[in-house]
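[1] Build the 3D model from these lines:
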Amino acid sequence: MLPKTFILARRNRLERGCGLAEAFRISIDQLDREPYMSIICYPRPSEQEFRTRLEELRKLDITELQFKGEKEVFNTPVLGKGYVGVVVIAVRDDRKEALKIRRVDADRVQMQHEGEMLKRANSLYVGPKLLKVGENFLLMQFIDGLLLPAWLEINRERKQAANLLREVLEQCWRLDKAGLDHGELSHAPKHIIINRNGKPFIVDFESASEDRRPSNVTSICQFLFIGGAVAEEVAEILGRVDKETLIDALRDYKKYGTREGFKRVLEVCNISDNVS
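    Residues are numbered from 1 along each chain as shown. This next block holds a predicted model:
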């Protein structure tokens, strides 16, 4: 087991790297200067678009934005950046919330679909809570924590890790049974956040769909146990999984979709209820 002082030092380093220690706080009345105007209208700002979005922010009752995180936009830290949007912290009624800002060059003209998918996930006790959604913004619960790869670096106790990963798979099971496919869990270093109480949240439902066959359990197992850097990290903590046995278990699960098949997947992954 790693020395406690070493683990604490690594936790502090990771939290600084994730931008959890400090933030730039900007009231919405100050957003009309750079680089904030360009972030609100990323990546191609215009005066008209900015004014439209600023008014939408006011209607959402947002009073302040906070800029921190491990990603950067115009040399400014943000929580996340993807093909659809940029994520920052918003303050509303003195509460921190996560604000996803639609990119002006996104392949969609509004955020309603993602809001609907997140709302559906919420009904299954999955994902950060949806708060409000508009044309250019999606407001949701802010998860103050670490992405899964960083969490695994500083949480090496086998039972703790097994319990957490089992909860992630349970959430994927609920999504599968409801027919909601996340769409991006086969490569999910940015899609699972663990809060400070050790609870995992599956995030980013921009690619989610109820129109295709769900494969959340099989996708997350591929990411966690079959290939890649995160799978290697998990194997160091839980022990190596027989990949052929897991592939067979996943094939049966995908074919029949039963709870018994799901439990078999958990057993093969060394994260069943009786893990010690």
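[2] tell me the mean pLDDT over the helix of greatest length in the chain?
    The helix spanning the most residues in the chain, taking DSSP state H as the definition, is helix 158-178. Averaged across helix 158-178, the pLDDT comes to 97.
[3] what's in contact with it?
    Contact partners of helix 158-178, identified using Cβ atoms under 8 Å, 6 or more residues apart in numbering, comprise 120-121, 124-126, 148, 151-152, 155, 181-182, 185, 192, 194, 198-200, 202, 214-217, 219-221, 224, 234, 237-238, 257, 262, 265-266, 269-273, 275-276. Using the backbone N, CA and C atoms, a C-beta is placed for each residue, glycine as well.
[4] Could you give me the PyMOL syntax to select whichever of those residues are buried?
    The buried residues among those can be selected in PyMOL (16 or more other Cβ atoms under 10 Å) with this line:
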select buried, resi 120+121+126+148+151+152+155+181+182+185+192+194+200+202+214+215+216+217+219+220+221+224+234+237+238+262+265+266+269+270+271+275
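[5] now, which of the contacts of helix 158-178 lie within helices?
    Of the contacts of helix 158-178, the ones assigned to helices by DSSP H are 120-121, 148, 151-152, 216-217, 219-221, 234, 237-238, 262, 265-266.
[6] now for those, which pair is the farthest apart?
    The distance between the two most remote of the ones in helices among the contacts of helix 158-178 (Cβ to Cβ) is 32.2 Å, for Arg120 and Ile237.
[7] what residues go with each domain of the protein?
    As assigned by automatic domain parsing, the chain contains the domains 21-143, 146-268.
[8] May I ask you to confirm that Phe24 is in contact with Glu72?
    No - between Phe24 and Glu72 there is no contact, the gap being 11.9 Å when judged by Cβ atoms under 8 Å.
[9] How about Glu114: what's its closest non-neighbour residue?
    Glu206 (4.7 Å; Cβ to Cβ, 6 or more residues apart in numbering).
[10] can you give me phi and psi for that neighbour?
    Torsion angles at Glu206 (phi, psi; degrees, to the nearest 10) stand at phi -70, psi -30.
[11] ok, now which ones touch the nearest residue in space to Asp204 that is not next to it in sequence?
    Of all residues not flanking Asp204 in the chain, His191 sits nearest, at 5.3 Å (Cβ to Cβ, 6+ apart). For His191, the contact set (Cβ under 8 Å, 6+ apart) comprises 182, 184-185, 202-204.
[12] one more time with 10 Å, if that's ok
    147-148, 182-185, 201-205, 207, 220, 223 (Cβ atoms under 10 Å, 6 or more residues apart in numbering).
[13] Over to Asn122?
    128-130, 140-141, 205 are the contacts of Asn122 under Cβ under 10 Å, 6+ apart.
[14] can you give me the strands in this structure?
    Ranges of strands in the chain, per DSSP state E, are 24-27, 64-67, 71-73, 76-78, 80-81, 85-92, 95-102, 130-133, 137-141, 145-147, 192-195, 200-202.
[15] Could you point out which residue ranges in the chain have low pLDDT?
    Within the chain, the stretches with pLDDT under 70 are 1-22, 274-276.
[16] now do 50
    1-2, 6-7, 9, 13, 16-20, 276 (pLDDT under 50).
[17] Just the buried residues of the longest helix of the chain, please?
    161-162, 164-166, 168-176, 178.
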